[in-house]
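Any chance you can model this:
(one chain, ligands or ions: 2)
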Amino acid sequence: MRWTQTLIPTLKETPAEAEIASHKLLLRAGLVRKLSGGLYTFLPLGVRALRKIERIVREEMNRAGALEVLMPALQPPEIWQKSGRYETASDVLLKARDRAKKEWVLGPTHEEVITTLVAGEINSYRQMPKNFYQIQTKFRDEIRPRFGLMRAKEFIMKDAYSFDATDELAQVSYQKMYDAYARIFQRCGLKAIPVEADTGIIGGKFSHEFMVPAETGENEVVYCEGCNYAANIEKAMSQGPAVKTHKLAPPADEPHHPAKFPTPGVVTIEALTKAPHNVPAERQIKTLVYLVDSKLVLLLLRGDDQLNEAKLISALGTGNLRPATAEEIFAAMGANPGSLGAVHVTKIPIYADSLLCDATGMTTGANEDGFHFRNVSINRDIPVNHWVDLRSVRLGEACGNCGKPLKVQRAIEVGHVFKLGTKYSEKLEAFFLDESGKQRPAVMGCYGIGVTRTLQAVIEQSHDKDGVVWPLSVAPYTVCITPLSVTPGGPVMTLAEKIYGELEARGVDVILDDRDERPGVKFKDSELVGFPIRVGIGEKSLAKGEVELKLRGGALTPVKAEEIVAKVTEIIGRAE
Ligand code: ATP
Ligand code: MG
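Ligands and ions are numbered 1, 2, ... in the order given. This is a model prediction of the structure:
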């Protein structure tokens, strides 16, 4: 390709809309342009990088035995009603109406469609295992589309769905995808770590996310350097904090019942830790009121812990929940937030974090504004209905496996593998006859890669002050030839054309910067776009029979003009 014939609108200034490095570079290097919030047009260079990632994904999916299909993006709402997700996923569903005013769903994912297909086409264990994948546009009504392609309203996903006759075979399919994902991200030049993940409202038993460590990532990963434990913070477990409430002996003169005491104006955990009360946060019980499927529940945590909503969703089995409003709380409890507690409360179900189990000598609100109870023994005084894991793990807590202190790091989720079980096959009737002629639901797995997010994650992980530093495997062009004079028929341009032709003939992705621009502009642009290999041709070096080879991020090396094609192909071959 010749630079003047394509469209590479590089920008000197950073557009105000971009907050993170990769988003800035996507725009500055002329890869994408914004149409509207969360909607982007891919320009020629952006499409080239995208197609290279897609090709890697396809090769690895095919290698793992998955079959490519292509499903409609527009889906009938009836299948979403059947699976139950018309309600549970309603916050992300974008909908459209046709001329007959019939409603359609713009697919955010395709479990419903593929399971409907399999229900009609597969009816015997002999037809399994099967794994179907597609690379296709998805739509999600994200609350906050941001960071360019990272969280978009419309994006490209590779989604795959496996169907097996038994749970053990489904585990084999899961492992194949897990291994394929590791290869895909490695081939894209990305460092992506598999971490244990929460299964959320998609439901299911088992799941891993592939995370790219990055300060700008929207996820937090908890990991241990002592063993291989790594989990999304939404799922992470630990041995708990160093101070274990239930190990602290109750005071000798502890009465056999909670004692009410006045706490005028104290409405936070923090305030109660101060004089004159001086109750450490770990000796307090935090009481939260949530509305779950339109019913109130009480959630109890240790005062120094934070509620993890993902764990709450897992524990309750529904995503239909929110914190109760101050009015709802007062109507139910007779007190305002800040003075709430669960002592002797029986009319509202109580979910308590497991860390509070056996806790004694605790302080909590008295359900009367301006009063708290001290000397609370949870087993004696609070009728807990469910003990669950509700707390977020904190930095430095001991790893549940090996006891070493846990670390926390921000990361970008690029892929997700799920063992789904039979949730969708039962609801959408994907049954088959097993060896003994018995009808069973197929055991499913689902596997997603955000292809467009992966593209941006590559840039987020691989850039410097001058621009993108593309890995060879996904660079829009591998080689940029930069003649410093573009006079047609002149020695510089003649050699540039010759090298260009020879590299193209060898199948190398090469771009010839034939713009009549100052050398500084051309060099800056080639660094900004980030081509892995640059061949500079100027009159001075050519007088010595040389051209200048520069690897992105490396130093200039003079190479004999007649050896440059062999040298470049050798570098590319070495990397493959
Ligand atoms: P997130 O937690 O980031 O919202 P998710 O868990 O909802 O993502 P999945 O349903 O697992 O996402 O989708 C599979 C993959 O699709 C994700 O791993 C991610 O790479 C990508 N993805 C999801 N939502 C978006 C989005 N709004 N924009 C771009 N890529 C996305
Ligand atoms: Mg996910």
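
So in terms of bridging, what pairs with the closest residue to residue 129 other than its chain neighbours?
Once flanking residues are discounted, residue 129 sits nearest to residue 164: 4.9 Å by Cβ to Cβ, 6 or more residues apart in numbering. Where you see a C-beta, it was placed from the backbone N, CA and C, and this is true even at glycine. Per DSSP bridges, the residues bridged to residue 164 are residue 443.

Show the contacting residues for residue 164.
Contacts for residue 164 (Cβ atoms under 8 Å, 6 or more residues apart in numbering) come out as 128, 129, 170, 172, 173, 442, 443, 444, 445.

Smallest gap between the stretch 101-250 of the chain and ligand 1, at which residue?
Closest to ligand 1 within the stretch 101-250 of the chain is residue 155: 3.7 Å, counting by Cβ to the nearest ligand atom.

same deal with the chain?
Using Cβ to the nearest ligand atom, residue 450 is the residue of the chain that sits closest to ligand 1, at 2.3 Å.

got the contacts of residue 164 as CSV, with distance to residue 145 columns?
Below are those laid out as CSV (distance: Cβ to Cβ, whole Å):
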residue, distance to residue 145
128, 38
129, 37
170, 34
172, 37
173, 33
442, 35
443, 35
444, 29
445, 28
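
Would you list the buried entries among those?
The neighbour-count test (16 or more other Cβ atoms under 10 Å) marks 128, 129, 170, 173, 442, 443, 444, 445 as buried among the contacts of residue 164.

Tell me which two of those sit farthest apart.
By the measure Cβ to Cβ, 128 and 445 form the most distant pair in these, at 12.0 Å.

show me where the stretch 401-550 of the chain has helices.
Assigned by DSSP state H, counting those that start in this stretch, the helices in the stretch 401-550 of the chain fall at 423-427, 451-461, 491-505, 519-529, 539-543.

before we move on, back to that, next, the contact list for the residue of the chain closest to ligand 1, please.
Residue 450 makes contacts with 155, 156, 157, 413, 414, 415, as judged by Cβ under 8 Å, 6+ apart.

Give the buried residues for the longest strand along the chain.
Assignment by DSSP state E gives strand 407-421 as the longest strand of the chain. For strand 407-421, the neighbour count (16+ other Cβ under 10 Å) marks 408-409, 411-421 as buried.

Kindly identify which of the residues you listed also come near ligand 1.
Contacts with ligand 1 are made by 413, 414, 415, 416 out of the buried residues of strand 407-421, judged by Cβ under 6 Å from any ligand atom.

Please name the spatially closest residue to the second one (chain neighbours excluded).
Leaving out its chain neighbours, the residue that sits closest to residue 414 by Cβ to Cβ, 6+ apart is residue 454, at 4.8 Å.

From residue 158, how far off is the one you found?
According to Cβ to Cβ, to the nearest Å, residue 454 and residue 158 sit 9 Å apart.

Which one's more surrounded, these two?
residue 454 (29 against 25; other Cβ atoms under 10 Å).

For the more buried one, list the residues it contacts.
Here residue 454 is in contact with 53, 185, 188, 190, 414, 415 (Cβ under 8 Å, 6+ apart).

Which members of those are the farthest-apart pair?
Taking Cβ to Cβ, no two of these sit farther apart than 53 and 415, at 11.8 Å.

Tabulate the ones next to ligand 1 among the buried residues of strand 407-421 (JSON lines), appending distance to residue 122 and pLDDT.
Below are these laid out as JSON lines (distance: Cβ to Cβ, whole Å; pLDDT from 0 to 100):
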{"residue": "413", "distance to residue 122": "31", "pLDDT": "97"}
{"residue": "414", "distance to residue 122": "30", "pLDDT": "98"}
{"residue": "415", "distance to residue 122": "26", "pLDDT": "98"}
{"residue": "416", "distance to residue 122": "24", "pLDDT": "96"}
